[in-house]
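Asks: Provided below are the primary sequence and the corresponding predicted coordinates.
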Amino acid sequence: MGLRIELDESKCSGLGLCEAEAPELFEVNDDGSLSVLDATPSGDRRAECEAAVAACPTEALRLVES
């Protein structure tokens, strides 16, 4: 089983807390939108993913088992 990061762009406010937790996985663009740099990270990044999802104040991110 793998991991998949889902982003609800309508909820994202571009604060960058996820990027602070996992800079290799997320990047806030110059226009304030969020890019998920790796939507299917390896399992050894689970803790990083969970921290980023938990840090999101608008609940725009979800971690899904695939």
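Replies: Looks like it came in fine.
Asks: buried ones in stretch 3-13?
Replies: 3, 5, 7, 12 (16 or more other CB atoms under 10 Å). (Each C-beta comes from the backbone N, C-alpha and C, glycine too.)
Asks: and stretch 45-54, average pLDDT?
Replies: When pLDDT is averaged along stretch 45-54, the result is 96.
Asks: show me where this structure has its strands.
Replies: 3-7, 26-28, 34-36, 61-65 (DSSP state E).
Asks: to residue 16, which of the ones you listed lies closest?
Replies: Closest of those to residue 16 is strand 26-28, at 4.4 Å (criterion: CB to CB).
Asks: who touches the closest one?
Replies: Strand 26-28 has contacts (CB atoms under 8 Å, 6 or more residues apart in numbering) with 14, 15, 16, 18, 19, 34, 35, 36, 37, 52.
Asks: what do you get for stretch 12-19?
Replies: With CB under 8 Å, 6+ apart as the test, stretch 12-19 has contacts from 25-29, 32-34, 52-53, 55-58, 60-61.
Asks: what about the chain, any weak spots by pLDDT?
Replies: 1 (pLDDT under 70).
Asks: can you point me to the longest helix in it?
Replies: When the chain is parsed with DSSP state H, its longest helix is helix 46-55.
Asks: quick one: buried residues of that helix?
Replies: Applying 16+ other CB under 10 Å to helix 46-55 flags 48, 49, 52, 53, 55 as buried.
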